[in-house]
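Colleague: have a look; sequence and predicted model below, questions after that.
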Amino acid sequence: MAQKGPNDTIPVGSMVIGNDTLPHIWIRDMFVTAKAPRWLVKERRRWQREQDQYSRLRYNVYLTYPYAVAASYILKDVDSMLHTLQSKDAKKLFKERKEQELNRRFKHELENFSIEQGQILVKLIARQTGKPCYQIVKELKGGFNAGIWQAVALLFNNNLRNTYDAEGDDAMIESIVLEIESTGHFELKK
């Protein structure tokens with residue numbers, strides 16, 4: 001008689017040989033043909049292409065999400081600090097120092113992002129802050145600088161005016177972000 005463990009859930013036939021109990025399962029006959037039908041090959045390729053696109057998107061979201069969270073915290077900190085400063089000169093000096101600090105910390109890493117990762121980062125920053133990147137740059141650096149950065153972004157097939165639509169175009173990104181947030185496993189490289 002076979003021993004049963006607490007996790008045995010699939011009953012199968014068995015054969016006892018000596019002191020050993022071996023599972024005994026009938027496997028259906030399999031016929032090998034020369035080629036799969038053309039429609040099946042196309043369907044498999046389409047499915048594989050979609051899987052590859054999703055895997056690439058998931059990787060890029062996992063890579064860029066910590067930067068979007070950091071941007072959100074930094075922006076809240078900058079906004080609160082700017083509200084406490086009274087003079088224009090003090091605000092300007094604070095912005096310049098903060099920009100230098102952020103360049104030292106993030107510039108090298110962000111320069112190595114691909115175009116697709118940059119597009120995702122712009123969307124995730126819009127998600128985390130509730131404002132498009134163009135509006136953030138305009139508030140902190142002025143309309144002229146925002147226009148310049150928008151032109152640069154357009155050269156790289158990006159748009160700083162992009163908003164985040166969690167239930168529309170960005171639903172797949174949103175599902176990946178919710179996955180990240182549910183596990184809580186993300187951090188910035190130092």
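Modeller: That came in fine, so what should we check first?
Colleague: kindly confirm my reading that L22 is in a strand.
Modeller: Yes - assessed by DSSP: H, G, I helix; E, B strand; the rest coil, L22 belongs to a strand.
Colleague: OK, contacts around it?
Modeller: S14, M15, V16 (CB atoms under 8 Å, 6 or more residues apart in numbering). C-betas here are computed from N, CA, C, even on glycine.
Colleague: between the residues you listed, which sits nearest L121?
Modeller: Closest approach to L121 among the contacts of L22 (CB to CB): S14, at 56.2 Å.
Colleague: is it true that that closest one touches D20?
Modeller: No - using CB atoms under 8 Å, S14 makes no contact with D20, being 9.8 Å away.
Colleague: between those two, who's got more neighbours?
Modeller: More crowded of S14 and D20, by other CB atoms under 10 Å: S14, with 14 against 9.
Colleague: mind checking how far that one is from W26?
Modeller: From S14 across to W26, the span is 13 Å (CB to CB, to the nearest Å).
Colleague: what helix or strand is L82 on?
Modeller: helix 38-84 (DSSP states H and E).
Colleague: give the next helix or strand downstream of that helix.
Modeller: Immediately after helix 38-84, counting by DSSP H and E, sits helix 88-111.
Colleague: got the buried residues for that following helix?
Modeller: K95, K98 (16 or more other CB atoms under 10 Å).
Colleague: relative to L75, how far out is the spatially most central residue of the chain?
Modeller: In the chain, the centroid-proximal residue (CA atoms, centre = their mean) is V61; its distance is 1.1 Å. Distance, V61 to L75, by CB to CB: 20 Å.
Colleague: and for E116?
Modeller: 23 Å.
Colleague: so how far is stretch 160-172 off the chain centroid?
Modeller: With CA atoms, centre = their mean, to the nearest Å as the basis, stretch 160-172 stands 13 Å off its chain's centre.
Colleague: tell me the buried residues in it?
Modeller: By 16+ other CB under 10 Å, the buried positions in stretch 160-172 come out as L160, N162, T163, Y164, D170.
Colleague: next step: those residues restricted to helices.
Modeller: Among the buried residues of stretch 160-172, no residue falls in helices (DSSP state H).
Colleague: which residues touch P23?
Modeller: V12, G13, S14.
Colleague: would you agree the first one is in contact with I25?
Modeller: Yes - contact status for V12 versus I25: in contact at 5.6 Å, counting by CB under 8 Å.
Colleague: check contacts around A151.
Modeller: Per CB under 8 Å, 6+ apart, neighbours of A151: none.
Colleague: okay, and it sits in which element?
Modeller: For A151, the host element (DSSP H and E) is helix 143-155.
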